[in-house]
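Participant: here is my input; please provide its structure:
(one chain, ligands or ions: 1)
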Amino acid sequence: MIWRALTREPYRLVRLAGWSLAEALPAFLIGHAIARAIEDGFAKGKPLTGLAWLALLGGAWLVAAVGARQVVLAVAAIAEPFRDELLTHVVGGTLRRAAAPPWRPGAASVARSTLQVELARDAFAAVITVVRSFAFTVVSVVLGMLTLLPEMVPLVLPPFAAGLAVFLMSLPAMARRQRAFLIADERLAESVSDMAGGLRDIASCGAEARVAADVGRRIAAQADAARSVARVMAVRTVSLGVAGWLPVLLVLAFAPGLGASAGAVIGTLAYVVQSLTPALGGLVEGLGVSGVQLMASVSRIRETAEVPTPARGHARPSGTRVELRGVTFAYGPGAEPVISGLDLSLPEDGHLAVVGPSGLGKSTLAALITGSLAPCSGEIRVGGVPARDLDPATRVLIPQEAYVFHGTLMENLTYLTDASPHAVQRAVDEVGMTDLARRLGGLSAEINPATLSAGERQLVALARAYLSPARLVILDEATCHLDPAAEARAETAFARRGGTLVVVAHRLTSALRARHVLLMDGVRVRLGTHDELVAVSPLYTDLIGQWNPDVKQVS
Ligand SMILES: Nc1ncnc2c1ncn2[C@@H]1O[C@H](COP(=O)(O)OP(=O)(O)OP(=O)(O)O)[C@@H](O)[C@H]1O
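Facilitator: Take a look at the predicted model:
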């Protein structure tokens, strides 16, 4: 994941490298400029020459400051897409997990994971910054020393490399111990909070000694883990000592033997003390803290977010016959079934209205038929194909809350399929949104969803569904914000369009228009025509009475 983020857009790395060169300019120049300032300037009684070299060094620092600013922006340009990718991964994984047995709630884990994503992003940016700075500084220093006095290089580089190797070798142990410490810390916090919540119980049943011993064990475990981290952290001090101070000693001890001038010695020491040691300190700090944090958070994110993506169905149904056999569905293993043992058969080009009191499973049934939900038992087939395997393009469900986005009306309407302006205009006319389209300024007009009423948004969603290639259309109270005449027009358009239409009814009139009516009354259901249900179901008659007292008498 990290490698992909780094290499996804190579030109960003090139840009980062370019600004890093500018930032590393003082690291290259410092020893050289100091040596020249002393030898060619101050030592020869030419202070202006000396000052000129120092001014050159000052100029390099200014260039480095501009470079440092651009480096931050270049690092952000690499880290932000990484964050977006992690976030997509986390939210997708958490929601998929929440939507699959055993139906763990998603919101809290999304929140927790998004925090981890922010940590991972910060750590990623910090690691890029320090590793890059270290690499450019070391290369610049080596080049600078080679131009100053190449004989000094063997005095500096071997101990520096040895210190670096000690640090790098300690990293895996450091990561393991940090993780162990975090886990011990979490366990201690859990046990203290359990104890604090049950103090009265603990006192009343005389369990103080036992609880104290238990919490004490957790404290000791956490202290052990902390000591273990501290021991491995001490290795950092060793590595900094070897890499930072051993070269200084070696230069002071052997430089005179190599015939180095005072300027060359001071210049070399400036390379070590001003550039190499701080760069290694930054690397130790950055990798030791941010690197370990990056590894820990990315691996945690991978653990929680890696959920296999449910395969999208590709099966093409033959026709639109809908059949349910013994379908039972509950929202969770311990929950009461919303639908129980339902058998239902809808013929080719059927038109069904689903009615019933609120909360008794109408929308659930709609989602089961489209395959968005899987039954706990039983079987649902559309055109002979299991609903879960259906090619998504072959069915469309329009819920109450219509989705309209910023863009042209045409883009909103052709979101599910490509269509010619002529076909789009026909759909617009059929579902009864001609006036709305005109008011909005035509198909090419930009629309702002916030300025549309709920009914207007529903008209857009209806026209979009009308245009789609789907032959199974489910309107789940999709016309509830339209007035009765507009609702009748839209429903009639879908009924004429061909294919099977299922309407979760918001008004009685939807039931009157349908060839079949499914009455859902808890886990009991009845299927029949409007007249049949009026004759046999007091609940249906009641519902009609609530919808429209006059029609009850007409029936
Ligand atoms: N995602 C969910 N998780 C848990 N329970 C749910 C979920 N969605 C719906 N339910 C419950 O399932 C039952 C049926 O809900 P459903 O939305 O299918 O009813 P409905 O008949 O369409 O209601 P309404 O007419 O009010 O839209 C309700 O008790 C509801 O609380």
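Participant: ramachandran angles for the residue lying closest to Glu85 once chain neighbours are set aside?
Facilitator: Residue nearest to Glu85 in three dimensions, not counting chain neighbours: Ala5, with 6.7 Å by CB to CB, 6 or more residues apart in numbering. The C-beta positions use only the backbone N, C-alpha and C, and glycine is treated the same way. Dihedral angles of Ala5 (phi, psi; degrees, to the nearest 10) stand at phi -60, psi -40.
Participant: surely Ala5 is in contact with Ala77?
Facilitator: No: with contacts counted by CB atoms under 8 Å, Ala5 stays clear of Ala77, the gap being 11.1 Å.
Participant: so between these two, which is more surrounded?
Facilitator: Between Ala5 and Ala77, counted using other CB atoms under 10 Å, Ala5 has the larger neighbour count: 19 against 14.
Participant: packing partners of the host helix or strand of Thr237?
Facilitator: According to DSSP states H and E, Thr237 maps onto helix 208-240. On a contact count with 3 or more CB pairs under 8 Å, 6 or more residues apart in numbering; DSSP states H and E, helix 208-240 meets helix 153-197, helix 277-285.
Participant: ranking the ones you listed by burial, who's on top?
Facilitator: Neighbour counts (mean count of other CB atoms under 10 Å) averaged over each of those peak at helix 277-285, with a mean of 20.
Participant: can I assume Leu443 is in contact with Ala423?
Facilitator: No: contact between Leu443 and Ala423 fails when scored by CB under 8 Å: they sit 11.2 Å apart.
Participant: hang on, the earlier thing: how close does the residue nearest to Glu85 sit to Glu80?
Facilitator: Distance of Ala5 to Glu80, given as CB to CB, to the nearest Å: 10 Å.
Participant: what do you get for Gln425?
Facilitator: Gln425 is 42 Å from Glu80, by CB to CB.
Participant: re the thing from before, distance of the residue nearest to Glu85 from Val63?
Facilitator: 29 Å.
Participant: can you check Ala402 too?
Facilitator: For Ala402, the distance to Val63 - CB to CB - is 56 Å.
Participant: those two - which one has more neighbours?
Facilitator: The residue with more neighbours, out of Ala402 and Val63, is Ala402; 22 against 15, by other CB under 10 Å.
Participant: and of the helices and strands packed on helix 208-240, who's closest to Gln458?
Facilitator: With CB to CB, the closest approach to Gln458 among the helices and strands packed on helix 208-240 belongs to helix 153-197: 48.4 Å.
Participant: okay, angle between that closest one and helix 208-240 too, please.
Facilitator: 170 degrees (axes from the mean of the first three to the mean of the last three CA atoms, to 10 degrees).
Participant: 47 is where my numbering starts, stick with that
Facilitator: Yep, numbering from 47; the last one is helix 199-243 now.
Participant: pretty sure Arg371 sits against Ser423.
Facilitator: No: using CB under 8 Å, Arg371 is not in contact with Ser423, being 9.9 Å away.
Participant: how close does the residue positioned nearest the centre of the chain sit to Ile347?
Facilitator: When CA atoms, centre = their mean is applied to the chain, the residue found nearest the centroid is Leu133 (1.7 Å). Distance, Leu133 to Ile347, using CB to CB: 9 Å.
Participant: joint contacts of those two?
Facilitator: Val163 (CB atoms under 8 Å, 6 or more residues apart in numbering).
Participant: and the helix holding Thr283, what's buried?
Facilitator: Val257, Arg264, Ala267, Gln268, Ala271, Ser274, Val275, Val278, Val281, Arg282, Ser285, Leu286 (16 or more other CB atoms under 10 Å).
Participant: now swap in stretch 380-395 and tell me
Facilitator: Neighbour-count burial for stretch 380-395 [16+ other CB under 10 Å]: Pro383, Val384, Ile385, Ser386, Leu388, Leu390, Leu392, Asp395.
Participant: now do the contacts for the second one.
Facilitator: In this structure, Val384 makes contact with Phe375, Ala376, Tyr377, Leu406, Gly407, Thr410, Val569, judged by CB under 8 Å, 6+ apart.
Participant: keep only those of those that are in helices.
Facilitator: Taking DSSP state H as the definition of helices, the contacts of Val384 contribute Thr410.
Participant: now the contacts of Val384 as CSV including distance to Ser66 and pLDDT?
Facilitator: Shown next, in CSV, are those (distance: CB to CB, whole Å; pLDDT from 0 to 100):
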residue, distance to Ser66, pLDDT
Phe375, 58, 92
Ala376, 58, 91
Tyr377, 54, 86
Leu406, 65, 87
Gly407, 61, 89
Thr410, 57, 92
Val569, 67, 61
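Participant: show me the shaky parts of this structure.
Facilitator: 143-159, 350-359, 569, 593-601 (pLDDT under 70).
Participant: grab the longest helix from it for me.
Facilitator: The chain, longest helix under DSSP H: helix 93-144.
Participant: show me what that helix is packed against.
Facilitator: helix 48-53, helix 56-69, helix 71-82, helix 153-194, helix 338-351.
Participant: spell out which parts of this structure neighbour the ligand.
Facilitator: Tyr377, Val384, Gly402, Ser404, Gly405, Leu406, Gly407, Lys408, Ser409, Thr410 (CB under 6 Å from any ligand atom).
Participant: ok, 5 Å please
Facilitator: Tyr377, Val384, Ser404, Gly405, Leu406, Gly407, Lys408, Ser409, Thr410 (CB under 5 Å from any ligand atom).
Participant: state the pair within these that is farthest apart.
Facilitator: Going by CB to CB, the pair spanning the residues of the chain next to the ligand furthest: Tyr377 and Ser404, at 15.9 Å.
Participant: more crowded one of those two?
Facilitator: Tyr377 (13 against 5).
Participant: now that one. Its backbone dihedrals?
Facilitator: With angles defined as degrees, to the nearest 10, Tyr377 sits at phi -80, psi 70.
Participant: again, but for Gly574
Facilitator: Per degrees, to the nearest 10, the backbone of Gly574 is at phi -180, psi -180.
Participant: now swap in Ala301 and tell me
Facilitator: phi -60, psi -40.
Participant: pretty sure it is touching Met198, no?
Facilitator: Yes: shown here, Ala301 and Met198 form a contact pair, counting by CB under 8 Å, at 6.9 Å.
Participant: common neighbours of these two, please.
Facilitator: Ala310, Thr314.
Participant: rewinding a little: relative to Leu498, which of the helices and strands packed on helix 93-144 is closest?
Facilitator: That would be helix 153-194 among the helices and strands packed on helix 93-144, by CB to CB, at 28.4 Å.
Participant: ok and that closest one relative to helix 71-82, angle-wise?
Facilitator: Using the same axes, to 10 degrees: helix 153-194 against helix 71-82 is 30 degrees.
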